[in-house]
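>>> Coordinates for the following, if possible.
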Amino acid sequence: MIKKIWYQSVKLFLKIGLHLYAQKIIIKGSKNIPKKGAVLFAVNHPNALMDPLFVTTFNPRENHFLVRADVFKKPLIRKFLASLNLMPIFRIRDGIKQLSNNDEVFEKCFKILQKKQTLIIFPQGGHSRKRTIQPLSKGFTRIVFGALERFPELEISVIPVGITYQNSSVYPSKVCVQFGEVIDAKAIYESTIPAKAILILKEKVSSQLKKLTVHIPDDANYETTLTKLNAANVDFTNVELVNKMISENSIPEMKNKAVNFVKPLFYLILINSVFPYLIWKRFSKNIKEIEFVDTMKFSINVLSCLFFYSFQALIIGMLLNFKTGLFYFLMSIFMIFFYTKTAPTNTED
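Got it, this is the predicted structure:
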């Protein structure tokens, strides 16, 4: 009970934080999520830990996640992530010897599905900002079919989920999360031999992901197509329209980026958030992968801004009065909210 209250409290806190961080969050297909039963969400992975945050925060089910093992290195972080149902998955780059630890992780996954709970998995095997669906690894099929082999009476729904950012790593941005149609894993498992079942499930998931997020074929024309889309300043979160442009080669002409008329407000927010900004600049120097920029920026700012605004409001309240301190705190939050919702979200330069 305590764990559930903790999970739901963190989920609510993150939902508020994400609304303050993203200009617009578009959720589609949530009606496809079964209210009960075992579900595996197969998600594309363009933006590190921001992806599971968006998928689970706007998902009515309580979810378990598999994320890259190197995030769990520090003991305090490991305990915090474990309390929110996150589990490490080891890759070859973590060391050949570490791969054996995945057997224990898979056993936990089997039991989660047996209990008719949910799993979030990123079947592309790693994160990438590239706007394409790469070939899927078979790790997620091993979990699905392994659970069905252990528990023959189990029903497992596999739901592909596409995440599309207007411009990840840039604040504020728009994001679209689309939940796809349910794939009956048991029907596939029982209809053919294991090797073929793996290929069928991978193909069904991949096919849906290419429609649920913007997919530019990873061929010789990839960079040219992406450059044209960026130059046209298209709304990537309008996934269906952009995919139609790509398939029909009907990308609009170059379009000027929207002017940020509320930029002065951003500088005012920056002055008011000087300490959180300095903390961010300190930690940003250690970010080695661009996919982690948003994750670190969101994590540091949502916590440090809340702390320092509260501290500064307390000081103002002590120097003046309680109402003035409260007004300052609420105005600090409102300025961020107003800027987030009104600043333009352009494509990459």
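>>> Is Lys174 part of a helix or strand, or is it coil?
strand (DSSP: H, G, I helix; E, B strand; the rest coil).
>>> any idea how far Thr56 is from it?
Distance of Lys174 to Thr56, given as C-beta to C-beta, to the nearest Å: 19 Å. Every C-beta, even on glycine, is put in place using the N, C-alpha and C of the backbone.
>>> do the same with Gly146
Taking C-beta to C-beta, one finds Gly146 at 23 Å from Thr56.
>>> neighbour count winner among those two?
Neighbours were counted for Gly146 and for Thr56 using other C-beta atoms under 10 Å; Thr56 has more, 23 against 15.
>>> Now do the contacts for that one.
For Thr56, the contact set (C-beta atoms under 8 Å, 6 or more residues apart in numbering) comprises Lys11, Asn63, Phe65, Ile120.
>>> Surely it is within a strand?
No: using three-state DSSP, the assignment for Thr56 is helix, not a strand.
>>> Could you find the closest non-adjacent residue to Gly325?
Leaving aside its chain neighbours, Gly325 sits nearest to Gly317 (2.8 Å; criterion: C-beta to C-beta, 6 or more residues apart in numbering).
>>> okay, now the one you found: neighbour count?
Other residues close to Gly317 by other C-beta under 10 Å number 17.
>>> The helix or strand containing it - contacts with which helices or strands?
If you go by DSSP states H and E, Gly317 is part of helix 293-319. Contacts defined by 3 or more C-beta pairs under 8 Å, 6 or more residues apart in numbering; DSSP states H and E place helix 293-319 against helix 2-21, helix 50-57, helix 274-284, helix 322-342.
>>> Whichever helix or strand comes after the first one - contacts with which helices or strands?
Read that as helix 2-21. Using DSSP H and E, the helix or strand that follows helix 2-21 towards the C-terminus is strand 22-28. Counting contacts by 3+ C-beta pairs under 8 Å, 6+ apart, strand 22-28 is packed against strand 173-179, helix 322-342.
>>> among those, which is the most enclosed?
strand 173-179 (a mean of 23; mean count of other C-beta atoms under 10 Å).
>>> I'd like to know the beta-bridge partner residues of the nearest residue in space to Leu212 that is not next to it in sequence.
In this structure, Leu212 finds its nearest non-sequential neighbour in Gly162, 2.7 Å apart by C-beta to C-beta, 6+ apart. Gly162 has the following beta-bridge partners by DSSP bridges: Gln178.
>>> I'd say Gly162 and Leu209 touch.
Yes: counting by C-beta atoms under 8 Å, Gly162 does reach Leu209; the two are 5.6 Å apart.
>>> Give me the common contacts of those two.
Asn44, Gly180.
>>> Now do the residue nearest in space to the middle of the chain against Phe329, distance only.
In the chain, the C-alpha nearest the mean C-alpha coordinate belongs to Asp51, at 0.9 Å (C-alpha atoms, centre = their mean). According to C-beta to C-beta, Asp51 stands 31 Å off from Phe329.
>>> I'd assumed His45 was in contact with the residue nearest to the centre of the chain.
Yes: Asp51 is in contact with His45 according to C-beta under 8 Å; the separation is 5.6 Å.
>>> what's the overlap in contacts for these two?
Phe122, His127, Ile163.
>>> The last one: what's it in contact with?
Spelled out, that is Ile163. Val43, Asn44, His45, Pro46, Asn47, Asp51, Phe54, Val55, Val175, Cys176, Val177, Thr213 are the contacts of Ile163 under C-beta under 8 Å, 6+ apart.
>>> cutoff 7 Å now
By C-beta atoms under 7 Å, 6 or more residues apart in numbering, the residues touching Ile163 are Val43, Asn44, Pro46, Asp51, Phe54, Val55, Val175, Val177, Thr213.
>>> Which of those residues sits closest to Lys255?
Checking the contacts of Ile163 against Lys255 by C-beta to C-beta gives Val175 as the nearest, at 21.1 Å.
>>> so that closest one touches Thr57, yeah?
No: counting by C-beta atoms under 7 Å, Val175 sits too far from Thr57 to count as a contact (11.2 Å).
>>> doesn't Leu265 make contact with Met335?
Yes: assessed by C-beta under 7 Å, Met335 is found in contact with Leu265 at 6.4 Å.
>>> can the helices and strands packed on strand 22-28 go into TSV with extra columns for distance to Asn272?
Below are those laid out as TSV (distance: least, C-beta to C-beta, whole Å):
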stretch	distance to Asn272
strand 173-179	22
helix 322-342	6
